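Student: build me a model:
(one chain, ligands or ions: 1)
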Amino acid sequence: MNPQIEKLMKIISEAQEAINAIRVACPHEEYEVTQRAWAPGHYNILRICLSCNGTVKGATDAEIKEFIKKQDEEEPERRLTSFELESLIQTKRKPQ
Ligand SMILES: [Zn+2]
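Tutor: Have a look, this model is predicted:
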């Protein structure tokens, strides 16, 4: 492997470990409910910690509905159908 690539990949790996250590120790005191893409065109609505930017488990159905309602107000042309809404809630319920 190109030694420069090898060196940079090591830096990325060390940075990821440092981020993980901070997130594990973070009390996640404040969060926002927002969406995160996990694949192109696919996203989950999650609680994201405002301090460490990590995922906080357990967005409630009420928080998810509130987020979608806010999105609707900001982008009225992009309304989720009740099927999409239900499938988002079902996705959340699946064990991780
Ligand atoms: Zn946190």
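Student: run through the bridge partners of the most centrally placed residue in the chain.
Tutor: With distances taken as CA atoms, centre = their mean, residue 36 lies nearest the centre of the chain, 3.9 Å away. With DSSP bridges applied, the residues forming beta bridges to residue 36 are residue 44.
Student: contact partners for it?
Tutor: Listed by CB atoms under 8 Å, 6 or more residues apart in numbering, the contact partners of residue 36 are 43-44, 46, 48, 55. Backbone N, C-alpha and C define where each C-beta goes, glycine included.
Student: can you tell me how far residue 27 is from residue 20?
Tutor: Using CB to CB, to the nearest Å, residue 27 is found at 16 Å from residue 20.
Student: the two: who's more crowded?
Tutor: Using other CB atoms under 10 Å, the more surrounded residue of residue 27 and residue 20 is residue 20, with 12 against 8.
Student: can you tell me the element that one falls in?
Tutor: For residue 20, the host element (DSSP states H and E) is helix 3-25.
Student: can you give the contact residues for that helix?
Tutor: Residues outside helix 3-25 that contact it (CB under 8 Å, 6+ apart) are 49, 52, 54.
Student: now do the buried residues in stretch 33-47.
Tutor: Under the neighbour-count criterion of 16 or more other CB atoms under 10 Å, stretch 33-47 has 33, 44-47 buried.
Student: make TSV out of the residues you listed and add distance to residue 1.
Tutor: Putting these into TSV (distance: CB to CB, whole Å) gives the following:
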residue	distance to residue 1
33	41
44	34
45	39
46	35
47	39
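Student: nearest to the ion among these?
Tutor: residue 47 (9.9 Å; CB to the ion).
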